[in-house]
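Asks: next one to model:
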Amino acid sequence: MGRKRSDIIQLFLSLAIVLVSAFLLSYFFFKIDLTEEKRHSLTPATKEMLGNLDDQLFIRCYLHGEFPAEFKRLENSIKERLDEFRDYSNGQIDYEFIDPYESGDQKIINETFKALDEKGLRFSNISFNENGAQSSKLIWPAAIVEYQGREYPIQFLKTETPVASELMVNTSVNNLEYELANGLRKITRKDKPAIAILTGHREIPGINLADFIFGLRENYDVEPLRIDSQINAFSDKTDGMTMRTNRYAALVVAGPDSIISDKDRFVIDQFVMNGGKVLWMLDALKINMDSLRNAEGTMALSNENGVYEMLFEYGVRLNRSLIIDFQGAPIILDNGPMGNQRAYTDRTNYYAPLILSSNNTHPITANLDPIKMEFAGSLDSVNANSDVIKIPLLKSSPLSKELRAPVRVDLQLLSFGQEYFQNGTTPERTMAMILEGKFPSAFRDQTPDALKKDPNIAYREKSVPTKMIVIADGDIAYNEVDMRGGKPMPIALGYDPQFRRVLFDNKEFLMNCMNYLLDDQSLISVRSRTIELRKLAAEKIETSRSALKILNTVLPILVVFLFGIIQFVWRKKRWTSATVNLYKKA
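Replies: Next comes the predicted model:
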């Protein structure tokens, strides 16, 4: 009887401990993430942003309903992320999932679809087997964020076509934290940093820079700017202040094709001295593919843009050279007529190096698809300065060569094989570089004392801590234009017309560069993480199907049976020992 009472007390005590623990833990959020890539953990930057929310934020997600398993996985992953966002926001975030098909009335469904489209959401068309027949359905893998009377759309499934695939679903699961955090950052940000796009020196035309600018405008205020020798172009001088205040956080210099005057360079220099960030995209040589359309060869000559000496003072030399790389982009060459058809040949364009993120490990380039450069040059670190840190960002492949200007550009080179690059190579040449620190003025030895002492100019000889990125290629930001229909329409940056889709991650790379310069490294840290989808080995499953079935069926039963035997033996031994001791006492 005493033994029975003891067991009952032990049972109720265990239940009480579980209930009290559950009650206490409901007031605390914690978890242990044992996955290799920490797939179930938010980055510190996201946690900090969520902890700083100062008002309620509501998210309506429209990926809900009946659809195949991989899209259910995406839905469940979104729910898990939103739960985590809510916990780290101290309850400032709430959400709901809505099924656009819930009403069952086709008229209401169509009206819902139209409303979602007007809000900026995009559908995806999925195909699946239903009762042995192929079916399709439109789904809305997207959400609307509501904050302080404003709305912002978030697209979870990024596709270049309305037809989704399992690979795209996995990519979307990888990017969930980035998409959510980026959307929340945009709608809660009170002030957008301003970026100036330099014009007036035959830079890349705005229509050919449009996709990059569109991307920048999601997070920043962007406007073109001509200096025209005006000291106030970038900054303002307030009475009583000894220095100027920049109106822009950053400047983009995209492929100038004429000399930037001394006065304009002086204004840029003082913008840097006052903490301005600069993204330089510069062509050292004058050459483009258009000049090869009617001829197999042409000459690439030095592009005198006026900034070589200026960059040298900052610590980097833009070489007047051309990098050719065996690791180049694909190209289709027209070999002329063949009967009543045209003959085409697939080649590798050695004049268009492909930069792989696996060879360039900085967070700016992490997990990016190949970055395409065209008629690009190289950079060298010069003018050693302990106040300036230099970080190589992009490098050519081990099978690359550097040709000094003037260079004859000849399409016949594309018929050469790998053996051409095995001799006389200049491997892993730096093609983009980060510079951080306190820069000396490029005009410190050229500025007259009268200008240095002019209070309106407020000349600075050394910069406050700032950053710049120098890329030895202006075309890295160049997007093509579709002229069909009589109206020019910019094509996505990185789009390849041969494959009819975006192949190259130039836009993502440039966006990461700007995020880095403007200290939005939180976006980079989220974007650079990878969550690997570990698929089952299909061949092994097929060859060992019977053995796996038996193992999955029999093993659980054997485990339960084994535990039963162990418990039986232990209990028998325990009670036998207890009975013996009882008789001894008697």
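Asks: contacts, neighbours, all on C-alpha from now
Replies: Will do.
Asks: what bridges to I144?
Replies: Here I144 sits in beta bridges with R60, P153, going by DSSP bridges.
Asks: count of residues packed around it?
Replies: Using other Cα atoms under 10 Å, I144 is surrounded by 22 other residues.
Asks: show the contacting residues for it.
Replies: I59, R60, C61, E151, Y152, P153, I154 (Cα atoms under 8 Å, 6 or more residues apart in numbering).
Asks: the first one against D94, yeah?
Replies: When you say that, I think you mean I59. Yes: at 6.4 Å, I59 and D94 qualify as touching, with contact defined as Cα atoms under 8 Å.
Asks: can I see the domain layout of this structure?
Replies: In terms of domains, the chain is parsed into 29-187, 194-517 (source: automatic domain parsing).
Asks: just name the most buried of the ones you listed.
Replies: Among these, domain 194-517 has the highest mean neighbour count (mean count of other Cα atoms under 10 Å), at a mean of 18.
Asks: could you give the separation of stretch 505-516 from the chain centroid?
Replies: From the chain centre to the centre of stretch 505-516 is a distance of 7 Å (Cα atoms, centre = their mean, to the nearest Å).
Asks: who touches it?
Replies: Residues outside stretch 505-516 that contact it (Cα under 8 Å, 6+ apart): 211-212, 215-216, 279, 364-365, 368-372, 469, 476-477, 493-494, 521, 523-524.
Asks: in strands, which of the residues you listed fall?
Replies: Mapping these onto strands (DSSP state E) picks out L279, I371, K372, I469.
Asks: show me the contacts for the last one.
Replies: Neighbour list for I469: V278, L279, W280, A432, M433, I434, L435, C513, L517 [criterion: Cα under 8 Å, 6+ apart].
Asks: against I323, how distant is it?
Replies: 19 Å (Cα to Cα, to the nearest Å).
Asks: now swap in the third one and tell me
Replies: Distance check for K372 against I323: by Cα to Cα, it reads 13 Å.
Asks: common neighbours of the two, please.
Replies: By Cα under 8 Å, 6+ apart, the residues touching both K372 and I323 are P353.
Asks: give me the phi and psi angles of G276.
Replies: Here is the backbone geometry of G276 (degrees, to the nearest 10): phi -70, psi 140.
Asks: for the lengthiest strand in the chain, what is the average pLDDT?
Replies: When the chain is parsed with DSSP E, its longest strand is strand 341-355. For strand 341-355, mean pLDDT is 82.
Asks: from the contact counts, what lies against it?
Replies: On a contact count with 3 or more Cα pairs under 8 Å, 6 or more residues apart in numbering; DSSP states H and E, strand 341-355 meets strand 321-325, strand 328-338, strand 371-372.
Asks: give me the low-pLDDT residue ranges for the stretch 401-550 of the chain?
Replies: Within the stretch 401-550 of the chain, the segments meeting pLDDT under 70 span 520-545, 548.
Asks: strands of that one, start to end?
Replies: For the stretch 401-550 of the chain, applying DSSP state E, counting those that start in this stretch gives strands covering 407-410, 430-437, 466-471, 481-482, 489-490, 495-496, 501-502.
Asks: redo those as CSV? Include distance to P256.
Replies: Listed next are those as CSV, based on distance: least, Cα to Cα, whole Å:
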stretch, distance to P256
strand 407-410, 20
strand 430-437, 17
strand 466-471, 13
strand 481-482, 19
strand 489-490, 20
strand 495-496, 23
strand 501-502, 26
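Asks: which one of those lies closest to D380?
Replies: With Cα to Cα, the closest approach to D380 among the strands of the stretch 401-550 of the chain belongs to strand 430-437: 7.0 Å.
Asks: for P488, which residues are in contact?
Replies: V481, D482.
Asks: what's the distance between it and K507?
Replies: Counting by Cα to Cα - P488 and K507 are separated by 20 Å.
Asks: could you do F58 as well?
Replies: Distance, F58 to K507, by Cα to Cα: 30 Å.
Asks: equivalent analysis for N456, please.
Replies: From N456 across to K507, the span is 39 Å (Cα to Cα).
Asks: fine by me, thanks again.
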